[in-house]
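J.: no sequence for this one, just the structure:
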DNA sequence: GTCTATACCAAGATAGAC
DNA sequence: GTCTATCTTGGTATAGAC
């Protein structure tokens, strides 16, 4: 540990970061070791990368594992900060914004899960447990509403990517504002303070 | 045309159908001509397929074009039948079910659009125009609600695929029923007949 | 219009010098 | 721990016989 000072042992990290980017963008088969080497600054085309990882598969798994850990930590951090908000409406707004941010944060992992889910099965469980979605055998009406909110935000995210602009030109703020109105109209348990 | 009777000229069609399946499942790079040949019943590994299509790219485009045309026809057919329903609640239920069916119908195209959108840019426009989503510069509150419903259904579909079961165990019926309740509570313009 | 054979190349991976 | 060189495989695509 103390031996390596100037030459940061960061190469491995940079490989993992670049790898996840390329995997998410190009898929497993579309990703070439050469491209990753190029991005990291290693001589492209040489197998220099194999001094760090034994195979392309192993690289994918390591990259996914690292990404899950990082994003998860970020999310928990951000959620803790949410607890401070007292105003119900504001709190709800921030909750949904947070959910959307979480989804975006997980974007690279989502795309990987959609495409390479079979290649890294643990990925599925890791993601859903990280998002802490309540899964019951017999979901209540409340669970269904929560599922709708999540699905709406997830769909909004993906459709926006597909359209290359905010989905149907509905801005994030308008989307969340309207979604809150819908959800709260069905669950008037917690009346908003101001209004 | 009249020359070819017994040996159905269907080979081309079967290639297109198989190709879209493989492209959607494995992505462009993950798809091999060999695999498609195998599925169609041609000798695998030989370039027999190239008697029908000049290149892998051309095959992808042809397969997408055909799929768009087929699904679109299906959808228009199904929509026409919807007009007959008079009861508002029933009509709405069928509308949403229809929307979900449309989304599922387009599943292979969606996945392709997500992954190979850049390779077949026309695909994007074709899909969204087929779904007839209203896109305004300044979406109204009503547009936002429509967007939420579509996003929710789309998200439900994709998340269900990701989880490999109905999303969070919320069944399709429960999801749609709850979604209708939400949407209609915000738009009490059209009161449900029975209730 | 389907097969055999094959050219060609990109990419994963390894050995060994420095 | 990075480079040079190289092996090997698998996949696109073509030529030509039947």
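T.: Now that the structure is in, tell me what you want to look at. Just so we're clear, the structure is a prediction, and the values are computed from it rather than from any experiment.

J.: Spell out which residues of chain A are next to DNA strand D.
T.: Counting by CB under 7 Å from any atom of the strand, chain A comes close to DNA strand D at A:7, A:9, A:11, A:37, A:42-43, A:45-48, A:51-52. No exception for glycine: its C-beta is placed from N, CA and C like everyone else's.

J.: Emit the ChimeraX select command for whichever of those residues are buried.
T.: In ChimeraX, this line selects whichever of the residues of chain A next to DNA strand D come out buried by 16 or more other CB atoms under 10 Å in any protein chain shown:
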select /A:11,37,42,48,52
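
J.: how about the residues of chain A next to DNA strand D in JSON lines, adding secondary structure?
T.: Converted to JSON lines, these look like this (DSSP: H, G, I helix; E, B strand; the rest coil):
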{"residue": "A:7", "secondary structure": "coil"}
{"residue": "A:9", "secondary structure": "coil"}
{"residue": "A:11", "secondary structure": "helix"}
{"residue": "A:37", "secondary structure": "helix"}
{"residue": "A:42", "secondary structure": "coil"}
{"residue": "A:43", "secondary structure": "coil"}
{"residue": "A:45", "secondary structure": "coil"}
{"residue": "A:46", "secondary structure": "coil"}
{"residue": "A:47", "secondary structure": "helix"}
{"residue": "A:48", "secondary structure": "helix"}
{"residue": "A:51", "secondary structure": "helix"}
{"residue": "A:52", "secondary structure": "coil"}
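
J.: Next, format the residues of chain A next to DNA strand D as TSV and append distance to residue A:89 and pLDDT.
T.: Output for the residues of chain A next to DNA strand D, formatted as TSV (distance: CB to CB, whole Å; pLDDT from 0 to 100):
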residue	distance to residue A:89	pLDDT
A:7	53	49
A:9	48	62
A:11	48	96
A:37	51	98
A:42	52	97
A:43	56	96
A:45	57	95
A:46	58	97
A:47	57	96
A:48	54	97
A:51	55	97
A:52	49	98
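
J.: surely residue A:74 meets residue A:101?
T.: No. Contact criterion CB atoms under 8 Å: residue A:74 and residue A:101 do not qualify, at 9.1 Å.

J.: first vs last residue of stretch A:101-119, how far apart are they?
T.: Stretch A:101-119 has an end-to-end distance of 26 Å (CA to CA, to the nearest Å).

J.: now check that stretch, is it near chain B?
T.: Yes. Counting by CB under 8 Å from any CB of the partner chain, chain B is contacted by stretch A:101-119 at A:110-111, A:113-115, A:117.

J.: Narrow those to those that are buried.
T.: Burial by neighbour count, judged by 16+ other CB under 10 Å, picks out A:110-111, A:113-115 from the residues of stretch A:101-119 next to chain B.

J.: and the most centrally placed residue in chain A, what is it in contact with?
T.: With distances taken as CA atoms, centre = their mean, the residue of chain A nearest its centroid is residue A:106 (0.6 Å). Residues near residue A:106 by CB atoms under 8 Å, 6 or more residues apart in numbering or on different chains: A:71, A:127, A:130-131.

J.: Which of the buried ones among the residues of stretch A:101-119 next to chain B sits closest to DNA strand D?
T.: The nearest member of those to DNA strand D, counting by CB to the nearest atom of the strand, is residue A:115 at 16.7 Å.

J.: Look up the closest residue to that closest one, ignoring the ones flanking it.
T.: residue A:27 (5.3 Å; CB to CB, 6 or more residues apart in numbering or on different chains).

J.: what angle do the helix or strand harbouring that neighbour and helix B:11-30 make?
T.: Per DSSP states H and E, residue A:27 falls inside helix A:11-30. With axes from the mean of the first three to the mean of the last three CA atoms, to 10 degrees defining the directions, helix A:11-30 sits at 180 degrees from helix B:11-30.

J.: which parts of helix A:11-30 are buried?
T.: Here helix A:11-30 shows A:11, A:14-24, A:26-30 as buried, counting by 16+ other CB under 10 Å.

J.: Just checking the distance from it to the centre of its chain.
T.: The chain centre lies 15 Å from the centre of helix A:11-30; the measure is CA atoms, centre = their mean, to the nearest Å.

J.: Quickly check: it near DNA strand C or not.
T.: No. Using CB under 7 Å from any atom of the strand, helix A:11-30 stays clear of DNA strand C, with a minimum separation of 7.9 Å.

J.: how close does residue A:133 sit to residue B:51?
T.: Spatial separation of residue A:133 from residue B:51 under the definition CB to CB, to the nearest Å is 50 Å.
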